[in-house]
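In: starting from these lines, generate the structure:
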Amino acid sequence: MAMISFLEEVTHDGIKIAKYKMGDLIVGVALNIGPRVLYLSHSSRPEFNVFGIDLSVQLETEDGVWKLYGGHRLWTSPEELPRTYSIDDKPVKVEVKEDKIVIEGPPEEKNLVKKTIEIKPLDSNTLEVVHRIKNISRWELEYSCWALTVMRRNGYAIIPVKAKCVDKPCLKPNRLIALWPYTKLNDPRLRFFEKYVVIKQDPSIKDKLKIGVRSEKSWLGYYIEGLLFIKTSTFHEDRTYPDYGVNLEVYTDSRILEIETLSPLERVLPMKELVHVEKWKLVNIGKIELNEQVFENIEKEYIQIQ
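Out: The predicted model follows:
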């Protein structure tokens with residue numbers, strides 16, 4: 001298991017970020033907003049943040065101005081205004097506890113939840129990221145943990161859509177793809193392969209695009225300038241997911257691309273919490289072609305489904 005070493009504290013457009021080294025990875029955690037993870041780089045290219053930071057993306061809500069900020073965040077799903085877009089512009093509590101970093105957000109008084117993100121190094125290039133959303137109300141709440149990661153511009157998201165047959169003669173459908181109202185099937189950023197979907201982040205195209213997939217191969221990849229970021233989560237086949245039942249989602253427009261995993265919907269009792277775990281891997285893979293065989297090789301070499 002890799003050790004956690006504090007590197008430095010930096011400021012980016014008013015946001016204080018504490019950077020830590022975990023094996024071959026450098027992780028930056030926001031201190032005065034969040035909980036957010038705003039920085040992830042590989043030690044071979046320490047100044048190249050694979051996460052995207054963008055303070056220009058904002059949304060007016062009845063609770064105030066929500067800011068994207070970027071990086072990795074934790075939401076509740078299904079998506080609703082203003083509940084989902086909670087204003088996370090207050091300082092968080094960040095502690096290194098034994099073998100992990102714990103980022104604890106303040107209580108959300110209107111949403112009646114409290115969010116925590118824990119980051120634990122597993123090996124030189126793999127992190128376990130545990131998301132916790134606690135119900136701090138006096139009654140049951142129903143929600144899903146929604147883990148969203150804003151990636152650096154000009155890369156490519158990879159989504160697996162292959163699945164085994166659900167009946168012996170393979171007569172029943174075995175895959176589900178959800179499309180949002182603004183998504184166009186002829187969007188040039190969207191490419192369908194036999195068993196995978198690829199979505200390009202293109203700063204020249206302003207149109208929004210979002211796609212969701214129900215996939216037992218519960219991983220998402222993002223390839224950018226020789227680096228490959230992968231996150232995996234556990235798929236629960238017998239449980240109900242939001243958004244027509246998908247567990248993986250990708251959103252993009254001219255400014256950002258997000259790769260997103262979801263937990264099943266749960267009814268959470270007062271003072272109990274819903275937990276959703278991702279595993280992150282960042283590898284310096286070099287130049288690759290975007291084709292079926294390469295995606296298969298990535299899956300064989302780097303993916304360990306939880």
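In: Arg132 contacts Leu274, correct?
Out: Yes - assessed by C-beta atoms under 8 Å, Arg132 is found in contact with Leu274 at 7.3 Å. Bear in mind the C-beta positions are built from the backbone N, C-alpha and C, glycine included.
In: which SS class is Arg153?
Out: coil (DSSP: H, G, I helix; E, B strand; the rest coil).
In: relative to Glu296, how far out is it?
Out: The gap separating Arg153 from Glu296 is 27 Å, by C-beta to C-beta, to the nearest Å.
In: go on, Pro270?
Out: Between Pro270 and Glu296 the computed distance is 46 Å (C-beta to C-beta).
In: then Tyr196?
Out: 9 Å.
In: neighbour-wise, which of these two wins?
Out: Each of Tyr196 and Glu296 has its neighbours counted (other C-beta atoms under 10 Å); Tyr196 has more, 23 against 14.
In: which phi and psi does the more buried one have?
Out: Per-residue torsions, Tyr196: phi -140, psi 160 (degrees, to the nearest 10).
In: residues contacting it?
Out: For Tyr196, the contact set (C-beta atoms under 8 Å, 6 or more residues apart in numbering) comprises 158-162, 292, 295.
In: what's the answer for Arg255, then?
Out: Contact partners of Arg255, counting by C-beta under 8 Å, 6+ apart, are 54, 56-57, 153, 203.
In: in the chain, which segments are predicted with low confidence?
Out: In the predicted model of the chain, residues 305-306 satisfy pLDDT under 70.
In: check which helix or strand covers Lys114.
Out: Using DSSP states H and E, the element containing Lys114 is strand 113-123.
In: gap between that strand and the chain center?
Out: 13 Å (C-alpha atoms, centre = their mean, to the nearest Å).
In: what's near enough to touch the nearest residue to Val268 once chain neighbours are set aside?
Out: In space, Val268 comes closest to Asn135 once its chain neighbours are excluded; the distance is 4.4 Å by C-beta to C-beta, 6 or more residues apart in numbering. Asn135 makes contact with 112-113, 141, 268-274, according to C-beta under 8 Å, 6+ apart.
In: gap between Asn135 and Tyr241?
Out: Asn135 sits 19 Å away from Tyr241, going by C-beta to C-beta.
In: same question for Ser215.
Out: Taking C-beta to C-beta as the measure, Ser215 falls 11 Å from Tyr241.
In: name the residues contacting each of those two.
Out: Asn247.
In: residues near the closest residue to His236 other than its chain neighbours, how many?
Out: In this structure, His236 finds its nearest non-sequential neighbour in Pro264, 5.2 Å apart by C-beta to C-beta, 6+ apart. By the other C-beta under 10 Å criterion, the neighbourhood of Pro264 contains 18 residues.
In: do Pro91 as well
Out: 13.
In: any idea which element it lies in?
Out: Assessed by DSSP H and E, Pro91 sits outside every helix and strand.
In: ok, now the one 4 residues further on?
Out: Secondary-structure element containing Glu95, defined by DSSP H and E: strand 93-97.
In: ok, that strand: who's next to it in the sheet?
Out: The pairing partners recorded for strand 93-97 under DSSP bridges are strand 100-104 (antiparallel).
In: so what touches the partner strand?
Out: By C-beta under 8 Å, 6+ apart, strand 100-104 touches 4, 20, 27, 29, 34-37, 92-96, 114, 116-120.
In: tell me what the closest residue to Ile199 other than its chain neighbours is bridged to.
Out: Leaving aside its sequence neighbours, Ile199 sits nearest to Ala157 (C-beta to C-beta, 6+ apart; 4.5 Å). Counting by DSSP bridges, Ala157 forms beta bridges with Ile199, Tyr222.
In: can I assume Ala157 is in contact with Tyr222?
Out: Yes - using C-beta under 8 Å, Ala157 makes contact with Tyr222 at a distance of 5.4 Å.
In: just the helices in this protein please.
Out: 292-302 (DSSP state H).
In: what's the spacing between the residue lying closest to Glu260 once chain neighbours are set aside and Asp88?
Out: In this structure, Glu260 finds its nearest non-sequential neighbour in Glu249, 4.2 Å apart by C-beta to C-beta, 6+ apart. Using C-beta to C-beta, Glu249 is found at 20 Å from Asp88.
In: ok, now Leu190?
Out: 30 Å.
In: show me what contacts Ser56?
Out: Counting by C-beta under 8 Å, 6+ apart, Ser56 has contacts Arg255.
In: swap the cut-off to 6 Å and go again
Out: Ser56 makes contact with no residue, according to C-beta atoms under 6 Å, 6 or more residues apart in numbering.
In: can you check Lys200 too?
Out: Contacts of Lys200 by C-beta under 6 Å, 6+ apart are 156, 189.
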